[in-house]
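Student: fold the following.
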Amino acid sequence: MVQSLDLREAEGRILSDPIIGRVFKEASERGVRIYLVGGAVRDFLLGREPKDYDFILEDFCPSFLRRLGDTMRTTYFPLGKGRGERVFRLVKDGKVLDFTLMAGRSLQEDLLRRDFTINAIAYSPQQRRFYAPQRALEDLKAGRIDLLSPKALLNDPLRILRALRYCSTIGFSITKRAEEEIKRQKDLLKKVAKERILMELDEIISSASPERALRPLASWGLLEVLFPEMEPLKGLEQGEYHQRDAFLHSVEVAIKALEIARKDDLIPFTPQREDYLVLGYTGLFHDLGKPATRKVDQDGRVHFYGHPKVSKELALRIMKRYPFPSAVRERVLRLVENHMRPLTLTTGNPTDRALRRLIHEMGEDIKPLLIFGLAEIEEKGRGDGERGAYLGLCQRILDLMSKEDVIHPPPLLRGQDLLDMGFSPGPAIGEILREVRRLQIEGELRTKEDAINFVRERFTH
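Tutor: Numbers count the residues shown, from 1 in each chain. Sure thing, here's the model as predicted:
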């Protein structure tokens, strides 16, 4: 809930914004009637900095857009027609400015065609006043997300995810009426372009409060619409070590991993946006293979042998349908395939050699993997003993990494070194170098002299 809405203070923030000031100045000089509208006005009223700007033009004025592009050292371009409207865009310093021709016969009619009440707010620089239906300001003050009309989702089903994105980014709550409409219309998401869906999901996962959207996505039946591969996880019991079914476990592990990454206290890590995406999607996809691998032994214990590999295959199927960046896709698949390795090592007494192999094979994703393993343990609520043992393993790994470069150690020997030792060119050179590299990573060979002596003993007669 917002304490108060100070329109005068918000107006001051709007008029002091350099991008908006330039737009309004150019519009005034050319006699163009223009309104700032939607999310930018909402953010100014909430004291937030807007990411993008939406403007409404009463009439199309190409000379205004052209001149504005010149002064901002960019160009405008059309986005085509949507709902009978013409939309033009400028991009400046990472900010997106959209200019839309007014829909309807008046600004008030235009506002009523928008998605949510909290976005049905406009500001006119010419008249120095705000325009909004009464419900819009009431919902904004109360922190409510409500649809302007039942047709809002039919006109653009992506608004289902946008409403949840607002929950995670601005901390608002969806009204019961809007929730019921979202549940009723959820299958409309199947018609939305995958690119648009992924953009909204990325915003949710990388937000400060992803749980405010991820939990409704799960409980309202939206996740299985987006990712049908998750449907078999619902109701899948996982045995004595789990409190939730595989479906809710996946969602909660994703939430927990993102929370641990943000805290940066147990496992030192400075995550970037891509790291949050990798952890979030890994959480959702890491147990996709459990339904196909579930076995119950003669003592009634449940096992999922080999499920990481099957999970990786199903995750790849999903990530081919959606336009994931290749870097994100490869990192998620690597974590899904290896997510059990730290947990398995914790149950034994792993050697430094085993830990070095894990570090080297995971590369820069070793810390996200450790974070993910901790999220698994904390989500299960297994107690301090297992958690303490796991954190001890993490500390051993971090200590090894602090002492030397295990991920990218400089090679002890190169091909020329072997030629100088009398070896002939050929495949044997590569085999020897790979064996030397393996033993170097495992800590068995530490110096060039060690490597030369090893090669002489092992490969010469």
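Student: ok, residue 146 touching residue 175?
Tutor: Yes. Look at residue 146 against residue 175 with CB atoms under 8 Å: they come within range, at 4.4 Å. The way it works is simple: take the backbone N, C-alpha and C, and place the C-beta from them, glycine included.
Student: okay, and the common contacts of those two?
Tutor: Residues touching both residue 146 and residue 175 by CB atoms under 8 Å, 6 or more residues apart in numbering: residue 139.
Student: which one's more surrounded, these two?
Tutor: Remark: of residue 146 and residue 175, residue 146 carries more neighbours, 22 against 18, as counted by other CB atoms under 10 Å.
Student: for the more buried one, what are phi and psi?
Tutor: Note on residue 146: its backbone torsions stand at phi -130, psi 150 [degrees, to the nearest 10].
Student: return the distance of it relative to residue 108.
Tutor: Using CB to CB, to the nearest Å, we find residue 146 at a distance of 18 Å from residue 108.
Student: for the closest residue to residue 55 other than its chain neighbours, which three-state class applies?
Tutor: When the adjacent residues along the chain are set aside, residue 55 lies closest to residue 99, with 4.9 Å between them (CB to CB, 6 or more residues apart in numbering). Three-state assignment for residue 99 (DSSP: H, G, I helix; E, B strand; the rest coil): strand.
Student: use 848 as the first number from now on
Tutor: From this message on, residue numbering opens at 848, which makes the last subject residue 946.
Student: correct me, but residue 946 touches residue 936?
Tutor: Yes. The pair residue 946 / residue 936 is scored as a contact, 7.5 Å apart, by CB under 8 Å.
Student: neighbour count: the two, which is higher?
Tutor: residue 946 (25 against 17).
Student: gap between the more buried one and residue 1016?
Tutor: For residue 946, the distance to residue 1016 - CB to CB - is 24 Å.
Student: on that earlier part again, what sits opposite the residue nearest to residue 902 in the beta ladder?
Tutor: residue 902, residue 935 (DSSP bridges).
Student: mind listing what it touches?
Tutor: 902, 903, 904, 912, 923, 934, 935, 936, 937.
Student: go with 6 Å
Tutor: Residues in contact with residue 946 (CB atoms under 6 Å, 6 or more residues apart in numbering) are 902, 904, 935.
Student: list the buried residues for the strand or helix carrying residue 957?
Tutor: Using DSSP states H and E, the element containing residue 957 is helix 954-958. Using 16 or more other CB atoms under 10 Å as the test for burial, helix 954-958 gives 954, 957, 958.
Student: per-residue pLDDT, residue 873?
Tutor: Per-residue confidence for residue 873 comes out at a pLDDT of 92.
Student: and residue 951, by the same measure?
Tutor: 77.
Student: quick one: contacts of stretch 862-875?
Tutor: Residues contacting stretch 862-875 (CB under 6 Å, 6+ apart): 861, 881, 915, 972.
Student: can you check stretch 1073-1093 too?
Tutor: Contacts for stretch 1073-1093 (CB under 6 Å, 6+ apart): 1070, 1071, 1094, 1096, 1134, 1135, 1137, 1138, 1149, 1161, 1165, 1227.
Student: spatially nearest residue to residue 975 (excluding sequence neighbours)?
Tutor: Residue 975 sits nearest to residue 858 (CB to CB, 6+ apart), 7.2 Å away.
Student: now that neighbour: which helix or strand?
Tutor: Short version: residue 858 belongs to helix 854-863, going by DSSP H and E.
Student: only the buried residues of that helix, if you could.
Tutor: 857, 858, 860, 861.
Student: sorry, back to before: in PyMOL, how would I select the buried members of the contacts of stretch 1073-1093?
Tutor: The PyMOL command for the buried members of the contacts of stretch 1073-1093 (criterion: 16+ other CB under 10 Å) is given here:
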select buried, resi 1070+1071+1094+1096+1134+1135+1137+1138+1149+1161+1165+1227
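Student: out of the contacts of stretch 1073-1093, list just those in strands.
Tutor: Among the contacts of stretch 1073-1093, the ones falling in strands (DSSP state E) are residue 1149.
Student: which secondary element of the chain has the worst mean pLDDT?
Tutor: Lowest by mean pLDDT, DSSP states H and E among the helices and strands of the chain is strand 924-929, with a mean of 68.
Student: narrow the contacts of stretch 862-875 to those in strands?
Tutor: residue 881.
Student: re the thing from before, what's the first helix or strand after the helix holding residue 858?
Tutor: helix 865-876.
Student: and that following helix with helix 854-863, angle?
Tutor: 80 degrees (axes from the mean of the first three to the mean of the last three CA atoms, to 10 degrees).
Student: in helix 865-876, which residues are buried?
Tutor: In helix 865-876, counting by 16+ other CB under 10 Å, buried: 866, 867, 870, 871, 873, 874.
Student: ok, now stretch 899-912?
Tutor: 900, 901, 902, 903, 904, 908, 911, 912.
Student: and the end-to-end length of it?
Tutor: 17 Å (CA to CA, to the nearest Å).
Student: can you give the distance of that stretch from its chain's centre?
Tutor: Per CA atoms, centre = their mean, to the nearest Å, the displacement of stretch 899-912 from the mean C-alpha position of its chain is 32 Å.
Student: same thing with stretch 1049-1059?
Tutor: 7 Å.
Student: verify the contact between residue 884 and residue 904 for me.
Tutor: No. If you go by CB atoms under 6 Å, residue 884 and residue 904 don't touch, sitting 10.5 Å apart.
Student: now the helix or strand where residue 911 lies and helix 865-876, what's the angle there?
Tutor: Assessed by DSSP H and E, residue 911 sits inside helix 909-918. Here helix 909-918 points in a direction 140 degrees away from that of helix 865-876 (the same axes, to 10 degrees).
Student: redo the contacts of residue 946 as CSV? Include pLDDT.
Tutor: Output for the contacts of residue 946, formatted as CSV (pLDDT from 0 to 100):
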residue, pLDDT
902, 95
904, 93
935, 89
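Student: OK, contacts around residue 1053?
Tutor: Per CB under 6 Å, 6+ apart, neighbours of residue 1053: 1120, 1123.
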